[in-house]
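> fold the following and give me the result.
(4 chains)
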Protein chains: 2
Amino acid sequence: MIEHALRLDSIFGCLADATRRDILKRVANEELSVTEVAKPYKKLTFAAISKHLKVLENAKLVVKRRQGKHQFVRLAPAKLKEASEYLEYYKTMWEDRLDALEEYLKLIAKK
Amino acid sequence: MIEHALRLDSIFGCLADATRRDILKRVANEELSVTEVAKPYKKLTFAAISKHLKVLENAKLVVKRRQGKHQFVRLAPAKLKEASEYLEYYKTMWEDRLDALEEYLKLIAKK
DNA sequence: CTATCGTTCAACCGGTTAGTTGAATGAATT
DNA sequence: AATTCATTCAACTAACCGGTTGAACGATAG
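Numbering: from 1, shown residues only, chains lettered A, B, ... in the order given. Predicted coordinates:
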């Protein structure tokens, strides 16, 4: 249960940063080398991106694979399934709440 | 677009903390006074919970309503819909990725 | 073997965050 | 009006985070 929460902490923690969200999005579609990942973020150092990748790796949201000189990064589907399930839980909760609101608004409208 | 990202930052930032996730869960089902919200968290000060509520309020994930002495807290459905939509986006992305993995595994299995 | 390329590590910095304590505020009760 | 209850604010601290720089490391190419 505590591990569980820690994992959620790190997953949502990752998602709380715009650069990391962007990286996730990009490596979802194709495997990229660290250099390629870093290329678009011109305002940041290479090392900064390397750190972001480490954070994502620790949260198990991406995996790295070495091929010769290059280190390739891709989305890690297994852990993301877990994340997705939690997000689904929240989503359901919110939708229930929205449904309740809708009901309530209808009720008010009738008066 | 920047505002957009900032909002996501604050929403996911809220979700990155176990106490705040727990509070969200509890005020999703019923409206609670600040005192009631604080009650279960015996390791934290009242002020600490008050601060967490402020963070949630700034992210527009909860709203407060004053009724006499008491301040009641509940989930804020409107902003949560927005959050839910983003989560849905990520969820879709992840499911696509999972589907791709599944395809790949099938392909391997055939050999 | 050494030079080079791709990447990470270590040390550091400034800003933010989660927590504390104690004083301050707002509303109701007496 | 004074007291009490519910809550917030202000000031402070310790830890964490995102960033930088420069050195270091692992792997390949010459």
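> alpha carbons only for contacts and neighbour counts from here, please
OK.
> and A:K42, how far from B:D17?
31 Å (C-alpha to C-alpha, to the nearest Å).
> oh, that last question was meant for A:V73, not what I typed.
From A:V73 to B:D17 the distance is 27 Å (C-alpha to C-alpha).
> the two: which is more packed in?
Remark: of A:V73 and B:D17, A:V73 carries more neighbours, 24 against 18, as counted by other C-alpha atoms under 10 Å in any protein chain shown.
> so the more buried one: helix, strand or coil?
Under DSSP: H, G, I helix; E, B strand; the rest coil, the three-state class of A:V73 is strand.
> residues in chain A within reach of DNA strand C, list them.
Residues of chain A found near DNA strand C (C-alpha under 7 Å from any atom of the strand) are A:33-36, A:46-47, A:50, A:53-54, A:69-72.
> of these, buried ones?
Among the residues of chain A next to DNA strand C, those scoring as buried are A:33-34, A:53, A:72 (criterion: 16 or more other C-alpha atoms under 10 Å in any protein chain shown).
> ok, back up a step: can I get the residues of chain A next to DNA strand C in JSON lines with secondary structure and pLDDT?
Shown next, in JSON lines, are the residues of chain A next to DNA strand C (DSSP: H, G, I helix; E, B strand; the rest coil; pLDDT from 0 to 100):
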{"residue": "A:S33", "secondary structure": "strand", "pLDDT": "97"}
{"residue": "A:V34", "secondary structure": "helix", "pLDDT": "97"}
{"residue": "A:T35", "secondary structure": "helix", "pLDDT": "97"}
{"residue": "A:E36", "secondary structure": "helix", "pLDDT": "97"}
{"residue": "A:F46", "secondary structure": "helix", "pLDDT": "98"}
{"residue": "A:A47", "secondary structure": "helix", "pLDDT": "97"}
{"residue": "A:S50", "secondary structure": "helix", "pLDDT": "98"}
{"residue": "A:L53", "secondary structure": "helix", "pLDDT": "98"}
{"residue": "A:K54", "secondary structure": "helix", "pLDDT": "97"}
{"residue": "A:K69", "secondary structure": "coil", "pLDDT": "86"}
{"residue": "A:H70", "secondary structure": "strand", "pLDDT": "92"}
{"residue": "A:Q71", "secondary structure": "strand", "pLDDT": "94"}
{"residue": "A:F72", "secondary structure": "strand", "pLDDT": "96"}
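> tabulate those residues (TSV), appending distance to DNA strand D.
As requested, these are exported to TSV (distance: C-alpha to the nearest atom of the strand, whole Å):
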residue	distance to DNA strand D
A:S33	13
A:V34	13
A:T35	12
A:E36	16
A:F46	7
A:A47	5
A:S50	8
A:L53	10
A:K54	10
A:K69	5
A:H70	8
A:Q71	9
A:F72	13
